[in-house]
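In: could you look at this predicted model? Sequence included:
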Amino acid sequence: MSTFRRLIGLFLPYWRWIAFGILVSLVVVIANMALLGTAGWFLAAMAVAGAAGGTMNYLLPAAAIRAFAILRTGGRYLERLVTHEATLRCLSGLRVWFYERIEPLAPAGLEAYQGGDLLSRIGADIDALDNLYLRTLVPVTVAVLSTLMAFIFLSQYSLQVAVADLGFLALAGAALPLVARRLGSGPGARMVETSSQLRLAVVDAIQGMGELTVSGADRAQQKEAERLSHRLQKDQDRMSSITGSVSALSGLMVNLAVWSAALLGTVLVRHQHIAAVDLPMLVLVVMGSFESVAQLPQACQYLGHTLAAARRIFAVVDAPACITDPAQASPQPRDTRLELRGVGLRYSPSGPWVLTDIDLALAPGRRVAILGPSGAGKSSLISLLARFREYERGDIRLGGYPLRAYQAEDLRAMISVVPQHPHLFNTTVRANLLLAAPDADQGRIEAAARSARIHADIDALPEGYDSYVGEAGLKFSRGQIRRLAIARALLRDAPILILDEPTEGLDSATEREVMDSLMAASDNRTLLFITHRLAGLERMDEIVVMDRGRIIERGRHAELLNGNTRYRQMHAVLVFPPEPAAVH
């Protein structure tokens with residue numbers, strides 16, 4: 001299916017608003033032609049009547065002129081109102097449609113796209129699609145219908161004038177737009193791509209301003225933004241030159257059509273094929289008929305820009321989802337027992353295995369810690385349990401049923417995850433917490449915050465829980481953001497709680513407090529604790545040590561310390577680090 005046809009399909013739900021906008025635009029063009037034609041005929045008729053010393057009824061044509069003027073003015077206002085309302089409704093629906101399509105892809109299916117690039121697609125690229133309605137569908141439809149009506153009207157007086165007008169309309173409304181389309185397709189497509197790259201560079205520069213400044217790379221980033229800005233400006237200048245040239249040629253077509261109508265009409269008057277008073281009317285109707293095609297060159301010129309933006313959007317939504325929900329409803333689990341047997345995962349069919357032969361059993365209420373260096377496969381294991389990725393080997397069961405048998409929404413209602421890099425939205429503390437439980441009252445919110453040892457920090461803010469956290473939690477430290485994420489997970493009250501590095505960034509005293517709270521809060525929950533820190537692991541029912549995607553040892557804290565184990569080596573380094581060599 002072509003990009004254009006797919007776009008039309010996305011606009012179809014709003015066809016009533018679109019059709020209403022086209023109808024009002026057509027009425028405005030017809031009213032303008034009628035106003036010019038009636039005024040021309042009226043002035044000529046009054047002049048002839050005055051020269052001949054006769055009389056005429058001027059009330060009816062004068063009333064018609066006023067009516068057409070009011071219709072054109074009011075219609076123009078209504079046209080702007082309706083077409084922009086239709087555009088905003090379409091764009092709003094497109095954003096919802098886009099989000100609904102990319103939500104099942106997250107997070108694994110969107111790893112190839114940076115945040116700034118996705119923001120550009122859901123923002124600027126969808127905004128660019130308003131050209132399809134305002135600059136393509138409306139002008140083209142109105143131009144075709146009004147041209148047909150103008151031809152029928154003019155042919156009632158003179159077929160020659162009608163054909164001449166149609167010829168110049170075809171040049172201005174078809175030939176020039178095709179030329180503009182050909183010349184503008186390249187710059188228009190490049191503008192979309194360059195705009196996206198520029199936004200991405202600016203977002204990266206702002207988000208990483210501190211690191212860029214410290215490393216001395218801020219000047220290089222600035223030069224890259226300047227280079228992209230100059231390239232974008234060059235294409236914009238090219239598009240403006242095309243617009244100006246096509247506009248001038250379009251104006252030339254109007255003048256040639258008016259002169260042709262005047263010359264042909266003069267001949268017709270001389271041979272008494274039409275009345276003299278009809279000549280000004282025909283000339284002015286010809287002039288008014290070009291209003292309908294005036295926007296077509298620009299519409300075709302920017303069509304490449306619109307289609308390029310649409311292709312970028314479709315490229316994201318057409319990506320295959322990593323996870324597909326089953327067709328049937330989720331089963332009713334017997335309990336919350338979670339079992340992994342011989343599970344294997346790789347990110348691509350030809351890629352290396354990131355998880356191999358993983359066996360793990362989490363009975364209800366059991367506390368298990370997974371330990372290992374970066375790249376050991378800990379976060380990959382979380383992505384499997386949260387159904388962000390599909391495992392290729394083995395089996396995962398929850399409550400006695402395969403994990404694949406559960407709808408993603410039902411599964412995530414039973415599993416609450418605190419990711420390694422939690423995100424806070426730029427809204428209040430309360431709103432960020434209520435994402436986990438929208439119906440939670442203040443008592444539940446504060447209880448969760450106290451369990452995460454963050455209530456005192458929130459209470460000290462000027463507006464307490466109604467304080468804004470800033471972009472990505474800018475007003476909070478990393479440790480506070482992590483504790484807010486823990487509070488949000490506890491508020492969800494899911495039977496299985498998975499925490500990925502929950503105490504990273506916390507000082508030793510706060511880390512102990514948070515661990516105490518997690519142990520207390522997980523009395524009736526299954527707790528899977530992903531970490532590379534050792535605080536509180538002595539209270540775990542089982543410690544699993546991973547390396548390179550495999551489980552290399554497992555046991556309780558005391559058992560692993562008694563043997564010659566990797567855990568004992570890690571414990572010796574992290575808990576009792578070697579003293580630095582003396583300096584002589």
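Out: Now that the structure is in, tell me what you want to look at. Residues are numbered from 1 along each chain as shown.

In: ok, and the closest non-adjacent residue to residue 341?
Out: residue 395 (5.0 Å; CB to CB, 6 or more residues apart in numbering). No exception for glycine: its C-beta is placed from N, CA and C like everyone else's.

In: for that neighbour, give me its contacts.
Out: Residues near residue 395 by CB atoms under 8 Å, 6 or more residues apart in numbering: 339, 340, 341, 342, 343, 402.

In: which of those lies closest to residue 80?
Out: For these, the residue nearest residue 80 by CB to CB is residue 402; the value is 56.7 Å.

In: so which strand or helix has the closest residue in space to residue 347 that isn't next to it in sequence?
Out: Excluding its sequence neighbours, the residue lying closest to residue 347 (CB to CB, 6+ apart) is residue 354, at 6.5 Å. Assigned by DSSP states H and E, residue 354 falls within strand 353-362.

In: other SSEs contacting that strand?
Out: Contacts defined by 3 or more CB pairs under 8 Å, 6 or more residues apart in numbering; DSSP states H and E place strand 353-362 against strand 338-346, helix 378-385, strand 550-555.

In: hey, least reliable of these by pLDDT?
Out: For the helices and strands packed on strand 353-362, mean pLDDT drops lowest on helix 378-385, to a mean of 84.

In: relative to strand 338-346, how tilted is that one?
Out: In terms of direction (axes from the mean of the first three to the mean of the last three CA atoms, to 10 degrees), helix 378-385 departs from strand 338-346 by 110 degrees.

In: need the next SSE after the helix or strand bottoming out on mean pLDDT in the chain, C-terminal direction.
Out: None of the helices or strands of the chain scores lower by mean pLDDT, DSSP states H and E than helix 115-120, at a mean of 68. Later in the chain than helix 115-120, the nearest helix or strand by DSSP H and E is helix 126-128.

In: list the buried ones in that following helix?
Out: Neighbour counts over helix 126-128 (16 or more other CB atoms under 10 Å) mark 126, 128 as buried.

In: now that helix: mean pLDDT?
Out: 78.

In: continuing past that helix, what's the next helix or strand?
Out: Next along the chain after helix 126-128, taking DSSP H and E as the criterion, comes helix 130-132.

In: run through who's touching the strand holding residue 354.
Out: Against strand 353-362 from outside (CB under 8 Å, 6+ apart): 337-347, 368, 377, 380-381, 384, 391, 394, 496, 526, 528, 544, 549-551.

In: now list the buried members of those residues.
Out: Neighbour-count burial (16+ other CB under 10 Å) applied to those gives 337-340, 343, 345-346, 368, 377, 380-381, 384, 391, 394, 496, 526, 528, 544, 549, 551.

In: wait, residue 242 sits on residue 182?
Out: No. Using CB atoms under 8 Å as the test, residue 242 is too far from residue 182 to be in contact (9.8 Å).

In: quick one: which of those two has more around it?
Out: The residue with more neighbours, out of residue 242 and residue 182, is residue 242; 22 against 13, by other CB atoms under 10 Å.

In: tell me how the chain divides into domains.
Out: If you go by automatic domain parsing, the domain ranges for the chain are 3-317, 338-574.

In: can you add distance to residue 327 and give those domains back as CSV?
Out: Below are the domains of the chain laid out as CSV (distance: least, CB to CB, whole Å):
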stretch, distance to residue 327
domain 3-317, 15
domain 338-574, 10
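
In: and stretch 196-207, what's buried?
Out: By 16+ other CB under 10 Å, the buried positions in stretch 196-207 come out as 196, 197, 198, 199, 200, 201, 202, 203, 204, 205.

In: repeat for stretch 528-539
Out: 528, 529, 530, 531, 533, 534, 536, 537.

In: could you measure from the last one over to residue 369?
Out: Which is residue 537. Distance, residue 537 to residue 369, by CB to CB, to the nearest Å: 5 Å.

In: likewise for the fifth one?
Out: Residue 533 sits at a distance of 10 Å from residue 369 (criterion: CB to CB).

In: go on, the first one?
Out: The span separating residue 528 from residue 369 equals 8 Å under the rule CB to CB.

In: and the buried residues of stretch 196-207 as a markdown table, adding pLDDT?
Out: Listed next are the buried residues of stretch 196-207 as a markdown table, based on pLDDT from 0 to 100:
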| residue | pLDDT |
| --- | --- |
| 196 | 74 |
| 197 | 78 |
| 198 | 82 |
| 199 | 76 |
| 200 | 75 |
| 201 | 79 |
| 202 | 79 |
| 203 | 73 |
| 204 | 73 |
| 205 | 77 |
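
In: inside helices: which ones of the residues you listed?
Out: 196, 197, 198, 199, 200, 201, 202, 203, 204, 205 (DSSP state H).

In: is it true that the last one touches residue 212?
Out: Yes. Residue 205 is within contact range of residue 212, at 6.6 Å (criterion: CB under 8 Å).

In: ok, the most centrally placed residue in the chain - contacts?
Out: Computing the C-alpha centroid of the chain and ranking residues by CA atoms, centre = their mean puts residue 122 first, at 1.7 Å. Going by CB under 8 Å, 6+ apart, residue 122 touches 95, 98, 99.

In: identify the residues contacting whichever strand or helix holds residue 482?
Out: Counting by DSSP H and E, the element that carries residue 482 is helix 478-492. Applying CB under 8 Å, 6+ apart, the contact partners of helix 478-492 are 416-419, 422, 424, 429, 432-437, 440, 444-445, 448-449, 451-454, 457, 469, 473, 476, 497, 499, 502-507, 510, 514, 518, 521.

In: now, of the residues you listed, which are buried?
Out: Applying 16+ other CB under 10 Å to those flags 416-419, 422, 424, 429, 432-434, 436-437, 440, 444-445, 448-449, 451-454, 457, 469, 473, 476, 497, 499, 502-503, 506, 510, 514, 518, 521 as buried.

In: tell me the secondary structure at the nearest residue to residue 371 once chain neighbours are set aside.
Out: Nearest residue to residue 371, sequence neighbours excluded (CB to CB, 6+ apart): residue 545, at 5.0 Å. For residue 545, the assignment made with DSSP: H, G, I helix; E, B strand; the rest coil gives strand.

In: so residue 545 touches residue 553, yeah?
Out: Yes. The pair formed by residue 545 and residue 553 meets the contact definition of CB under 8 Å, at 4.7 Å.
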